[in-house]
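# attaching a predicted model along with its sequence, questions to come.
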Amino acid sequence: MIMPLTTTRTSPDWPCQVKAPGSYDWERSATRWLRELVPARYAGYPALIRHPVLLARHAQIQVQHEIRVARTALQTARADLPRLGLHEAAIEHTIKLYAAEVLQLQHIARSVRAVTEALAERGAAGR
């Protein structure tokens with residue numbers, strides 16, 4: 001029996017590493033991508049692998065934590081880095097690095113939310 005491939009339009013935040021919802025093997029691609037976002041020790045827990053929506057939830061929490069860390073590093077850089085003996089050029093470069101990282105992490109957070117919603121919809125449809 002040939003199953004038709006059904007796809008859902010994805011948002012601009014949908015990660016390019018994850019196949020479109022409804023396409024063949026999309027959950028596996030989502031799981032693989034989400035595993036890259038969490039510390040390795042979590043990525044191997046059977047419950048998180050068996051239930052990708054749990055992995056997605058953990059990835060959301062992980063990325064939100066990373067955003068807080070990057071924001072804190074950015075907000076405290078001017079005060080803290082001179083005391084470490086860094087030159088002004090290194091401090092400015094570091095501030096730009098943290099600012100770019102916050103933006104990148106915010107994009108990743110939106111992508112994780114999009115994948116989580118798709119996984120949750122798949123789970124709700126399967127009940």
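Okay, I see it.
# low-confidence bits of the chain, can you list those?
1-9, 123-127 (pLDDT under 70).
# for it, what's the longest helix?
Criterion DSSP state H: the longest helix present in the chain is helix 88-125.
# mind listing what's buried in that one?
Of all the residues in helix 88-125, those buried under the rule 16 or more other C-beta atoms under 10 Å are 91, 94-95, 98, 101-102, 105, 108-116, 118-119, 122. Just so you know, the C-beta spots here come from the backbone N, C-alpha and C atoms, and that holds for glycine as well.
# buried residues in the one helix or strand Arg78 maps to?
Arg78 is part of helix 52-80, with elements assigned from DSSP states H and E. Residues 52-53, 55-60, 62-63, 66-67, 70, 73-74, 77 are the ones in helix 52-80 that count as buried (16+ other C-beta under 10 Å).
# now do stretch 11-19
14-15, 18-19.
# would you format the residues you listed as a markdown table with secondary structure and distance to Leu81 included?
Shown next, in a markdown table, are the buried residues of stretch 11-19 (DSSP: H, G, I helix; E, B strand; the rest coil; distance: C-beta to C-beta, whole Å):
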| residue | secondary structure | distance to Leu81 |
| --- | --- | --- |
| Trp14 | coil | 37 |
| Pro15 | coil | 33 |
| Val18 | coil | 37 |
| Lys19 | coil | 42 |
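# from the contact counts, what lies against the helix holding Arg78?
Helix 52-80 sits against helix 26-35, helix 40-43, helix 46-50, helix 88-125, with contacts defined as 3 or more C-beta pairs under 8 Å, 6 or more residues apart in numbering; DSSP states H and E.
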